[in-house]
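Trainee: Below is the sequence, then the predicted model.
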Amino acid sequence: MKTAHMLKHGIAVCAMLMACAISTEVHAQAGVPTSGATGDRDHMTTGEAQDRVTDEIKSYNDFTSGGPKYVEISAKDEVAQMGAGVSVIAGWDGYWNGGSTKFKLSQIRKIKEAGFTTIRIPLSTFDKSAMHMDAQGHLDPKYLHKLDAVVDAAISAKLFVIIDEHDYDTCSKDADACAAILPNVWYELSDHYKNAPNSVMFELLNEPHDKIDAATWNSWIPDLLAIVRQTNPTRNVIVGPTHWNSSADLPLLQLPADKHIIVTFHYYEPMTFTHQGATWVGPEIEKERGEFHWTGTPDQMAKLNGDFDKIADWAKANDRPILLGEYGTYAKYSAMDDRVAWTRAVSKAAADRGFARIAWEFAEGPDGFTLYDPDKNEWVEPIKDAVLLK
Ligand code: BGC
């Protein structure tokens with residue numbers, strides 16, 4: 001196991017780092033600016049910078065005084081209540097860095113009013129074009145305020161909310177660089193939300209794959225969890241298997257004894273159907289454009305139910321509750337009837353086995369998976385209803 005120490009608040013935190021402090025070299029590898037971009041903080045010691053950050057960011061509790069307090073809930077009870085959800089405002093949306101966005105906070109209430117019970121917020125803290133950390137590894141207070149606004153809106157709408165670390169591409173390309181940053185992200189996020197109600201959950205990392213193989217991931221999980229547990233001893237934390245959270249890798253997943261863990265998997269089978277025409281999953285699937293139909297034939301249903309039965313068996317044998325954390329169909333080429341049939345069948349397969357479910361994605365636009373059209377201000381009704389099983 002890669003274990004070393006990370007210096008935070010003057011306390012040595014055992015984490016999966018290769019060095020005892022966050023080195024500027026590692027930051028540079030991962031694309032974190034090491035000078036210039038962060039202004040005065042570059043010239044501060046970690047302690048001084050932390051004091052300033054603490055001044056700038058109130059802990060979550062300070063601005064929700066009077067709101068719901070944290071009360072322990074078992075992972076199983078929480079999954080039983082999470083029902084159907086949707087991922088919102090992907091990390092690369094303009095909302096996070098002041099760019100153009102179609103997201104409005106009022107959409108969170110619309111999600112609740114439509115009948116959803118959970119939202120998942122995929123964060124790119126150090127991925128894609130976004131960079132929300134300074135050279136000392138502190139999250140930008142402005143970024144946290146934006147996240148707070150969404151979390152607050154979800155809490156007031158009485159939605160469960162998953163804070164999902166979605167830097168999976170960067171992490172899977174360079175595991176060492178990721179290992180130098182990810183613990184720090186969780187140190188900051190978990191400290192910030194330590195007083196949030198139990199409806200707020202943490203997802204350690206979306207879809208680990210490639211350089212994050214099962215051995216690496218299994219060695220990281222206890223360390224990341226230990227960081228979260230310093231400030232959130234019983235909050236429910238979401239963890240999934242390797243190979244893009246594939247259920248086929250569930251048998252490889254090794255979890256600590258901690259009972260406040262929800263196990264997640266993603267389901268997009270068959271990929272040739274759900275991702276047909278998509279540019280990011282390889283030429284074979286990209287060239288498939290409208291030819292692959294999914295109508296729920298006996299063979300298709302048998303494959304789906306077989307896959308979900310295996311997951312339910314694993315859950316029973318390992319005594320863990322399950323969240324289907326992503327599922328959906330790329331809208332551009334598949335026939336609407338097929339998309340609805342597949343979405344409804346997968347929603348039902350999850351609900352029948354007591355899994356909570358989260359659709360990908362709320363309002364990505366015509367070149368996405370898309371449940372809601374922000375221009376027309378209306379839902380893609382058949383897909384929304386198929387997720388909600390209405
Ligand atoms: C990725 C998206 C992608 C979706 C379906 C998500 O985890 O972040 O970019 O569209 O999976 O492939």
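Mentor: Sure, I can see it. Bear in mind that the values here come from a model prediction, so they are computed numbers and not experimental data.
Trainee: mind showing which ranges of the stretch 1-150 of the chain have poor pLDDT?
Mentor: 1-66, 128-130 (pLDDT under 70).
Trainee: As a check, name the ranges of all strands in it.
Mentor: 4-8, 11-15, 84-87, 118-123 (DSSP state E, counting those that start in this stretch).
Trainee: again, but for the stretch 151-300 of the chain
Mentor: Counting by DSSP E, counting those that start in this stretch, the strands of the stretch 151-300 of the chain are 160-165, 200-203, 237-239, 261-267.
Trainee: So which bits of this protein are right by the ligand?
Mentor: 206, 207, 326, 360 (CB under 6 Å from any ligand atom). To be clear about C-beta, it is placed using only N, CA and C from the backbone, and glycine gets the same treatment.
Trainee: what's the following helix or strand after the helix ranked longest in the chain?
Mentor: Under DSSP state H, the helix in the chain containing the largest number of residues is helix 298-318. Sequence order places strand 322-327 as the next helix or strand after helix 298-318, per DSSP states H and E.
Trainee: looking only at pLDDT, what's the mean for that following strand?
Mentor: Strand 322-327 comes out with an average pLDDT of 99.
Trainee: which outside residues touch it?
Mentor: 79, 82, 87, 120, 162, 164, 203, 206, 238, 240, 245, 262-268, 274, 311-312, 315, 343, 346, 350, 353-360 (CB atoms under 8 Å, 6 or more residues apart in numbering).
Trainee: What subset of those residues is buried?
Mentor: Buried members of the contacts of strand 322-327, scored by 16 or more other CB atoms under 10 Å, are 79, 82, 87, 120, 162, 164, 203, 206, 238, 240, 245, 262-268, 274, 311-312, 315, 343, 346, 350, 353, 355-360.
Trainee: ok, residue 146 - contacts?
Mentor: Taking CB under 8 Å, 6+ apart, one finds 95, 96 in contact with residue 146.
Trainee: could you redo the last one with a cut-off of 10 Å?
Mentor: 89, 95, 96, 97, 98, 132, 140 (CB atoms under 10 Å, 6 or more residues apart in numbering).
Trainee: And residue 116, by the same measure?
Mentor: 82-86, 88, 108, 110, 157, 159-160, 358-359, 362, 371, 384, 387-388.
Trainee: How about residue 198: what's its closest non-neighbour residue?
Mentor: residue 73 (4.7 Å; CB to CB, 6 or more residues apart in numbering).
Trainee: Verify the stated contact: the one you found with residue 259.
Mentor: No: at 11.4 Å, residue 73 does not count as touching residue 259 under the criterion of CB atoms under 10 Å.
Trainee: which neighbours do those two share?
Mentor: With CB under 10 Å, 6+ apart as the test, residue 73 and residue 259 both reach 234, 236.
Trainee: Looking at the two, which one has more neighbours?
Mentor: residue 73 (19 against 14; other CB atoms under 10 Å).
Trainee: quick one on the thing from earlier: buried subset of the contacts of residue 146 as a ChimeraX selection?
Mentor: The command below creates a ChimeraX selection of those among those that count as buried (16+ other CB under 10 Å):
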select :89,95,96,97,132,140
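Trainee: any idea which of the contacts of residue 146 is closest to the ligand?
Mentor: Taking CB to the nearest ligand atom as the measure, the ligand lies nearest residue 89 of the contacts of residue 146, at 12.0 Å.
Trainee: ok, now how distant is the residue lying closest to residue 72 once chain neighbours are set aside from the ligand?
Mentor: Ranked by CB to CB, 6+ apart and with sequence neighbours excluded, the top spatial neighbour of residue 72 is residue 234, at 4.5 Å. Look at residue 234 and the ligand: by CB to the nearest ligand atom, to the nearest Å, they are 28 Å apart.
Trainee: Report the separation between the closest residue to residue 69 other than its chain neighbours and the ligand.
Mentor: Leaving aside its sequence neighbours, residue 69 sits nearest to residue 197 (CB to CB, 6+ apart; 6.6 Å). For residue 197, the distance to the ligand equals 26 Å [CB to the nearest ligand atom].
Trainee: ditto for residue 282
Mentor: Taken as CB to the nearest ligand atom, the span from residue 282 to the ligand is 12 Å.
Trainee: Could you measure from residue 332 over to the ligand?
Mentor: Counting by CB to the nearest ligand atom - residue 332 and the ligand are separated by 12 Å.
Trainee: oh sorry, the question was meant for residue 212
Mentor: 14 Å.
Trainee: the helices in the stretch 101-250 of the chain, which residues?
Mentor: Taking DSSP state H, counting those that start in this stretch as the criterion, the stretch 101-250 of the chain carries its helices at 106-114, 141-156, 168-173, 175-192, 214-231, 242-245.
Trainee: where do the helices sit along the stretch 251-390 of the chain?
Mentor: 271-274, 283-286, 298-318, 336-352, 381-388.
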